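Visitor: I need the structure of the sequence given here:
(one chain, ligands or ions: 2)
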Amino acid sequence: MESLLNLSLAGESRVRVLQITDSHLFAEKHETLLGVNTWESYQAVLEAIQAQQRPCDLIVATGDLAQDHSAAAYQHFAEGIARFSAPCVWLPGNHDFQPAMYSALQDAGISPAKRVFIGERWQILLLDSQVFGVPHGELSEFQLEWLENKLSDSPDRHTLLLLHHHPLPSGCSWLDQHSLRNAGELNNVLQHFPKVRYLLCGHIHQELDLDWNGRRLLATPSTCVQFKPHCANFTLDTVAPGWRWLDLYDDGTLHTEVCRLESTQFRPDTASEGY
Ligand SMILES: Nc1ncnc2c1ncn2[C@@H]1O[C@@H]2COP(=O)(O)O[C@H]2[C@H]1O
Ligand SMILES: [Fe+2]
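Guide: Residues are numbered from 1 along each chain as shown. Ligands and ions are numbered 1, 2, ... in the order given. Coordinates of the predicted model:
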């Protein structure tokens, strides 16, 4: 928990971060989730990112990397990430199995750091909102105290906060029952730290960009199946898998862009009623 990743970017006034989320990989590469082969869609996303040829300083993976708790699924995730030279950090989602996740990713050379210092001006903090065995999220006392300590000891750093579960309603009521249950406690901590202006989530398999008490809350498409926005009941979307770029500037501003595959190859089985 205490390991720190220190990115010193000599002279650069912009840092570029790539977010990949909710890859839902399996031990067997031929397995599918709701009709989508999650290994193939993950590979297609990584290839499309490489084709963009954008310099990248850091990759962040915001949970639900594996669907089946297997070490092999995390090894497959790492095999994909090895295409890139940038370091990668991760946090768990509701589907992850942290013992396998931690050791398989560590063995593959992926850092377990939950704090990243970027130059002198920014930090990224990664929270664990998993409540093992259920889809909703909650931040433990330990997580909230850890966050408060990290924010207190560097109050001047612009902070991007990462967690799997969304702290605000997404507009899909079936998903909002699976949100971060104690968002009020998170808000109580954050209200003392005005340098935390950006939060970044996974979990909802769709793009979101909302204001949360003066902070910008972003969520990002999955690399596999997508959920349709503004639906009361479980509804899959036919839009393509995606990823997000975030550019962090020295003055504390953030520019971001969601990209998606051009291919329509990864359409889910829209008659599915859940998983
Ligand atoms: N039909 C459904 N109704 C409500 N929740 C569901 C349904 N199907 C799946 N879920 C849960 O909702 C979660 C949303 O995204 P996850 O990938 O975390 O995993 C999903 C499941 O745990
Ligand atoms: Fe999730």
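Visitor: so what's residue 121 up against?
Guide: Counting by C-beta atoms under 8 Å, 6 or more residues apart in numbering, residue 121 touches 157, 158, 250, 252. C-beta coordinates here come from the backbone N, C-alpha and C atoms, glycine included.
Visitor: Residue 256 too?
Guide: By C-beta under 8 Å, 6+ apart, the contact list for residue 256 reads 209, 218, 244, 245, 246, 247.
Visitor: for stretch 237-252, which positions count as buried?
Guide: Going by neighbour count (16 or more other C-beta atoms under 10 Å), the buried part of stretch 237-252 is 237, 239, 240, 241, 242, 243, 244, 245, 246, 248.
Visitor: among these, which are in reach of ligand 1?
Guide: Applying C-beta under 6 Å from any ligand atom, the subset of the buried residues of stretch 237-252 adjacent to ligand 1 is empty.
Visitor: Spell out which parts of the chain neighbour ligand 1.
Guide: 22, 64, 94-95, 135, 174-175, 178, 203, 234, 273-275.
Visitor: Give the residue spans of the protein that score low on pLDDT.
Guide: For the chain, applying pLDDT under 70 flags the ranges 1-2.
Visitor: let's see 50
Guide: Within the chain, the segments meeting pLDDT under 50 span 1.
Visitor: neighbours of residue 10, just the number please.
Guide: 5 (other C-beta atoms under 10 Å).
Visitor: I should have written residue 106 there, sorry.
Guide: Applying other C-beta under 10 Å, we find 13 residues neighbouring residue 106.
Visitor: I'd say it and residue 112 touch.
Guide: Yes: here residue 106 reaches residue 112: they are 5.8 Å apart, a contact under C-beta atoms under 8 Å.
Visitor: leaving aside the residues next to it on the chain, what's closest to the one residue in the stretch 51-200 of the chain that gets nearest to ligand 1?
Guide: Per C-beta to the nearest ligand atom, residue 135 is where the stretch 51-200 of the chain lies closest to ligand 1, at 3.6 Å. Nearest non-adjacent residue to residue 135, counting by C-beta to C-beta, 6 or more residues apart in numbering: residue 178, 4.0 Å away.
Visitor: try residue 172
Guide: Computed as C-beta to C-beta, 6+ apart, the closest residue to residue 172 that is not its neighbour in sequence is residue 231, at 5.2 Å.
Visitor: Check residue 218 too.
Guide: Nearest residue to residue 218, sequence neighbours excluded (C-beta to C-beta, 6+ apart): residue 200, at 5.0 Å.
Visitor: now do residue 43
Guide: What sits nearest to residue 43 in space, not counting adjacent residues and going by C-beta to C-beta, 6+ apart, is residue 80, at 6.6 Å.
Visitor: Identify the residues contacting the helix or strand where that neighbour lies?
Guide: Using DSSP states H and E, residue 80 sits within helix 71-81. Where contact means C-beta under 8 Å, 6+ apart, the residues beyond helix 71-81 that reach it are 23, 25-29, 39, 42-43, 46, 59, 61, 65-67, 88, 100-101, 103-105, 108-110.
Visitor: and the residues you listed, which of them are in strands?
Guide: Judged by DSSP state E, the contacts of helix 71-81 include 59, 61, 88 as members of strands.
Visitor: of all those residues, which comes closest to residue 169?
Guide: Distance to residue 169 across the ones in strands among the contacts of helix 71-81 (C-beta to C-beta) is lowest for residue 61, with 24.4 Å.
Visitor: Hmm, that closest one is touching residue 93, no?
Guide: No: applying C-beta under 8 Å as the test, residue 61 and residue 93 come out as separate, 9.5 Å apart.
Visitor: Would you map the helices across the stretch 101-250 of the chain?
Guide: Secondary structure of the stretch 101-250 of the chain by DSSP state H, counting those that start in this stretch: the helices cover 141-153, 173-176, 183-190.
Visitor: Do any residues in the shortest one lie close to ligand 2?
Guide: No: where contact is defined by C-beta under 5 Å from the ion, no part of helix 173-176 touches ligand 2; the two come within 9.2 Å at best.
Visitor: And for that helix, what's in contact with it?
Guide: Residues outside helix 173-176 that contact it (C-beta under 8 Å, 6+ apart): 166, 169, 170, 203, 204, 227, 231, 232, 233, 234.
Visitor: Please list all residues in contact with the first one.
Guide: What that stands for is residue 166. Contacts for residue 166 (C-beta under 8 Å, 6+ apart) come out as 175, 176, 179, 180, 201, 203, 204, 208, 217, 219.
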